[in-house]
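1. below: sequence and its predicted model.
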Amino acid sequence: MKEKNPWHKPLTIIITVIGVIAIVALVTVAEIPPPVSAQYGIVLDAGSSHTALYIYKWPAEKDNNTGRIEQKHSCKVKGKGISSYAAVPEKAGMSLTECMQEAEMQVPAWRHQETPLYLGATAGMRLLNMENRVASDKVFEAVEKTLQRFPFSYQGARILSGQEEGAFGWVTVNYLDDRLKQGLQTTGALDLGGASTQISFVPREYDISESPSNAVAFRLYGNYYNLYTHSFLCYGKDQALRMALAHQTQSGPITISDPCFHPDYSVTRNYNTLYDSPCVSERKPKVAPLNFIHTGEGNFLQCQEVIKSLFNFKSCKYSKCSFNGIFQPPVQGSFGAFSAYYFVMNFLNLTDVFSALCIDNILTFKLVEQIKKLHSDINEKYLAEYCFSGTYILTLLTEGYNFNTETFSKIKFIKEVSSDAGWTLGYMLNLTNMIPAETKDSPPLPHAGYVSIVTVIVLLLFILCVCRCVWVKGHLTLSNGP
Ligand SMILES: Nc1ccn([C@@H]2O[C@H](COP(=O)(O)OP(=O)(O)OP(=O)(O)O)[C@@H](O)[C@H]2O)c(=O)n1
Ligand SMILES: [Ca+2]
C-alpha cells in the first residue's frame, strides 16, 4: 500500500507560492533600471581677475544625498573680472553671454527651467563696493539682466562675505575627498585669489569665544565641525603686488629697482592706475610724476624684506595671531592649497618641496626674455610675476600663517579633486541643501540587496525541491521494496 506523505500537499503549495513570488520579484527587480536621469546646477564665480562658470550634475534621485555631485563643464569668461567694468557696467553683463550660451548647450533643454543659476562675486566686487557703491550696484544690475535672459532658474547674484568664501572652499575640498560623509579628519583649505586670500581649517583646540567672527559651525552628515576661517582682503596676489609697489614708490620716484622682478624687467606704470584701489589709495604720494619705470633687480632676500613689510606682526590682542592683529590658532593637519597657490607653485615646480632656493635661482640667473621663450604658452604677465608671487606665497604661509618645515610638508598644492577646487561647489551644496545635517536613513535595501536576497530564496527553494524529490524517491523505493 502506498504510504501517504502528511506534508505533501501544504509543502507543494508553499513551494509553488514562494517560487512564483521569488521569480516575479526577481524579474521585476532585475528589470528596474537604476535611475539615470540627472539634475544640474550652475554657479558663476565672479572673481577679481576673471569670471568662471561651473556646471554641476548629479543623479536626480529623491534621496540625492546618495549621488556624488560632479563638475560637468566649466567655461572661462573672456576678459577681466566683472569689477573691472565699473565704468561701463553693460559690458560686465555682455561678457557673460558666451559662457551662458555654452551652458544652454551643455544642460539638456528639458532640464533648463529647473536648473538653479547662481552668481557669487568675491574680493574684486567687495573692493568696488567699498570704493563706489553706485558703480557696484550698476554692475550687478547689468549682470542680472543678462542672466535673467537665459532659461535657467535664476537664483540671484550677490557678493559673498570673506567668511563664506573661506568656509565654502573648505566644504568643497572635504566634500570632494569624501571626508564629510565618512566622518574622516578634515583637510584645511588655502585659497589665494587676485584680491583676497582665505585660510580655513579645524583647529586642534579651539576657543571660539576668543574671536567669534572667525568661527563657523557646521553640522554635516551627523558630525559637528568648528571651523576657523579668515579672509584677508587686499592679500590676494594682484593686490599684494600693488601694496609692494606702493611700498617702493612712497617718495614718488621716476624709476624703481624691484628685487622681486628679473634683472631685465622694465615696464612703465601709471601712478593713478597703481593707486586706484582701496588697498593702497590712502598711501598715494602727494607729489609724484604721471608714470614711473618699474625695473627688476632679482634678489630673493631683499624681495622677501619688501614682502614682509606688507604684514604687521606686532599688534595682537589674542592668545595667537597670524598678522594684522587677526586671531589664528596654530595650523592643524593637512591642507589643500588652490587657485593662485597652485598656478604659481606648479609653475615654479615647488609643489613638493619647500624651497626658497629655487625662486632665488630663477630670479637671479634667468632673464624674463629667456623665460618667455621657454614658456611661450603662458601669459606674459603671469611669467614676469611668478617670482614675486612665489616669494609672496612662501612668506604668507611661513611668516603669516606660521607654517613650519613640518606643517608645510602637509600642504598639497591642488588644482582639482575630481572637480575644480574653489568655493563654488560648497556654495551650491549649501544653497540646494544637498548636504544633510544628519545622516539620512538609507532605503531598507539597495537595488543590489534585493537581487541578492531574491537569488538566495530561489536557491533555497531549489535545494528544498531537490531534498523533497530525494525524500519521495527514497520513500517510494522503500514502500515498493520486497
Ligand atoms: N594660470 C594662471 C591663472 C591665474 N593666475 C593668477 O592667479 C591669481 C588668482 O587667480 P584666481 O584664483 O582666478 O583669482 P580670482 O578668483 O579672480 O580673485 P578673487 O578670488 O580674489 O576674487 C590672479 O592674480 C591671476 O592673474 C596665474 O598666476 N596663473
Ligand atoms: Ca577666487
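-> Sure thing, it's come through. Ligands and ions are numbered 1, 2, ... in the order given.
2. buried residues, stretch 290-305. List them.
-> By 16 or more other C-beta atoms under 10 Å, the buried positions in stretch 290-305 come out as Phe292, His294, Thr295, Gly296, Glu297, Gly298, Asn299, Phe300, Cys303, Gln304. Where you see a C-beta, it was placed from the backbone N, CA and C, and this is true even at glycine.
3. looking at those residues, which are in strands?
-> Assignment to strands by DSSP state E places the following of the buried residues of stretch 290-305 there: Phe292, His294, Thr295, Gly296.
4. the first one touches Thr249, doesn't it?
-> Spelled out, it's Phe292. Yes. If you go by C-beta atoms under 8 Å, Phe292 and Thr249 touch, sitting 6.1 Å apart.
5. shared neighbours, the two?
-> By C-beta atoms under 8 Å, 6 or more residues apart in numbering, Phe292 and Thr249 have these common neighbours: Ile256, Tyr271.
6. coming back round to it: which of the buried residues of stretch 290-305 are close to ligand 2?
-> When the buried residues of stretch 290-305 are checked against ligand 2 using C-beta under 5 Å from the ion, none falls in range.
7. okay, these in CSV with pLDDT next?
-> Output for the buried residues of stretch 290-305, formatted as CSV (pLDDT from 0 to 100):
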residue, pLDDT
Phe292, 98
His294, 98
Thr295, 97
Gly296, 96
Glu297, 94
Gly298, 93
Asn299, 94
Phe300, 92
Cys303, 96
Gln304, 95
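8. residue contacts, the residue most central in space within the chain?
-> Compute the mean C-alpha point of the chain, and by C-alpha atoms, centre = their mean the closest residue is Gly422, 2.4 Å away. Listed by C-beta under 8 Å, 6+ apart, the contact partners of Gly422 are Asp45, Gly169, Thr172, Asp191, Phe338, Ser339.
9. among those residues, name the ones in strands.
-> Reading strands off the contacts of Gly422 with DSSP E, I get Asp45, Asp191, Phe338, Ser339.
10. ok, the first one - contacts?
-> Under the criterion of C-beta under 8 Å, 6+ apart, the contact partners of Asp45 comprise Thr51, Ala52, Leu53, Tyr54, Gly120, Thr122, Gly422, Trp423, Thr424.
11. tell me the secondary structure at the fifth one.
-> Read it as Gly120. Following DSSP: H, G, I helix; E, B strand; the rest coil, Gly120 is assigned to strand.
12. right, and it touches Thr424 too?
-> Yes. Between Gly120 and Thr424 there is a contact at 7.1 Å, judged by C-beta under 8 Å.
13. tell me which of these two has more neighbours.
-> Neighbours per residue (other C-beta atoms under 10 Å) separate Gly120 from Thr424, with Thr424 holding more: 26 against 23.
14. the residue nearest to that one when sequence neighbours are not counted in helix, strand or coil?
-> With sequence-adjacent residues excluded and distances taken as C-beta to C-beta, 6 or more residues apart in numbering, Thr424 is closest to Val43, at 4.2 Å. The assignment at Val43 comes out as strand when based on three-state DSSP.
15. what's the neighbour count on Val43?
-> Val43, neighbours per other C-beta under 10 Å, totals 23.
16. how near is it to Val280?
-> 31 Å (C-beta to C-beta, to the nearest Å).
17. quick one: what helix or strand has Ala52 in it?
-> Applying DSSP states H and E as the criterion places Ala52 in strand 51-59.
18. show me which positions of the helix or strand just after that strand end up buried.
-> Next along the chain after strand 51-59, taking DSSP H and E as the criterion, comes strand 70-76. Residues of strand 70-76 classed as buried: Gln71, Lys72, His73, Ser74, Cys75 (neighbour count, 16+ other C-beta under 10 Å).
19. ok, and the closest non-adjacent residue to the fourth one?
-> It refers to Ser74. Ser74's closest residue in space is Tyr54 (C-beta to C-beta, 6+ apart), at 5.1 Å.
20. which residues does whichever residue of the stretch 1-150 of the chain sits closest to ligand 2 contact?
-> Distances between the stretch 1-150 of the chain and ligand 2 by C-beta to the ion are smallest at Gly47, namely 4.0 Å. If a contact means C-beta under 8 Å, 6+ apart, then Gly47 has Gly81, Ala121, Thr122, Ala123, Gly124, Gly193, Gly194, Ala195 as its contacts.
21. alongside ligand 2, which residues does the chain contribute?
-> Gly47, Gly193.
22. show me what from the chain comes close to ligand 1.
-> Neighbours of ligand 1 within the chain, by C-beta under 6 Å from any ligand atom: 47-50, 81, 122-124, 193-196, 236-238, 339-340, 343-344, 382.
23. per-domain residue ranges of the chain.
-> Following automatic domain parsing, one gets these domains for the chain: 8-32+458-480, 37-159, 163-420.
24. pick out the shakiest of those, pLDDT-wise.
-> Among the domains of the chain, domain 8-32+458-480 carries the lowest mean pLDDT, a mean of 64.
25. hang on, the earlier thing: now for the contacts of Gly47, which pair is the farthest apart?
-> Ala121 and Gly194 (12.5 Å; C-beta to C-beta).
26. hmm, back to that, who does the strand holding Ala52 pair up with?
-> Sheet pairing for strand 51-59, assigned by DSSP bridges, gives strand 38-46 (antiparallel), strand 70-76 (antiparallel).
27. would you tell me what the next helix or strand after the shortest one is?
-> Following the chain from strand 70-76 toward its C-terminal end, the next helix or strand by DSSP H and E is helix 89-94.
28. that next one packs against which elements?
-> helix 133-148 (3 or more C-beta pairs under 8 Å, 6 or more residues apart in numbering; DSSP states H and E).
29. list the contacts of the residue in the stretch 51-200 of the chain that ligand 2 sits nearest to.
-> When scored by C-beta to the ion, the stretch 51-200 of the chain has Gly193 as its residue closest to ligand 2, at 3.6 Å. For Gly193, the contact set (C-beta under 8 Å, 6+ apart) comprises Gly47, Ser48, Ser49, Thr122, Ala123, Gly236, Lys237, Ser339, Ala340.
30. skipping its backbone neighbours, what lies nearest it in space?
-> Nearest residue to Gly193 in three dimensions, chain neighbours excluded: Gly236, at 4.3 Å (C-beta to C-beta, 6+ apart).
31. mind listing what that neighbour touches?
-> Listed by C-beta under 8 Å, 6+ apart, the contact set of Gly236 reads Ser48, Ala123, Leu192, Gly193, Gly194, Ala195, Ser196, Thr197, Ala340.
32. if we use 6 Å, what do you get?
-> Going by C-beta atoms under 6 Å, 6 or more residues apart in numbering, Gly236 touches Ala123, Gly193, Gly194, Ala195, Ser196, Thr197.
33. now the helices for the stretch 351-482 of the chain?
-> Under the criterion DSSP state H, counting those that start in this stretch, the stretch 351-482 of the chain contains helices at 356-365, 368-374, 380-395, 405-408, 424-431, 447-480.
34. for the shortest one, buried residues please.
-> The neighbour-count criterion (16+ other C-beta under 10 Å) identifies Thr407, Phe408 as the buried residues of helix 405-408.
35. would you check that Ala340 makes contact with Lys237?
-> Yes. Counting by C-beta atoms under 6 Å, Ala340 does reach Lys237; the two are 4.7 Å apart.
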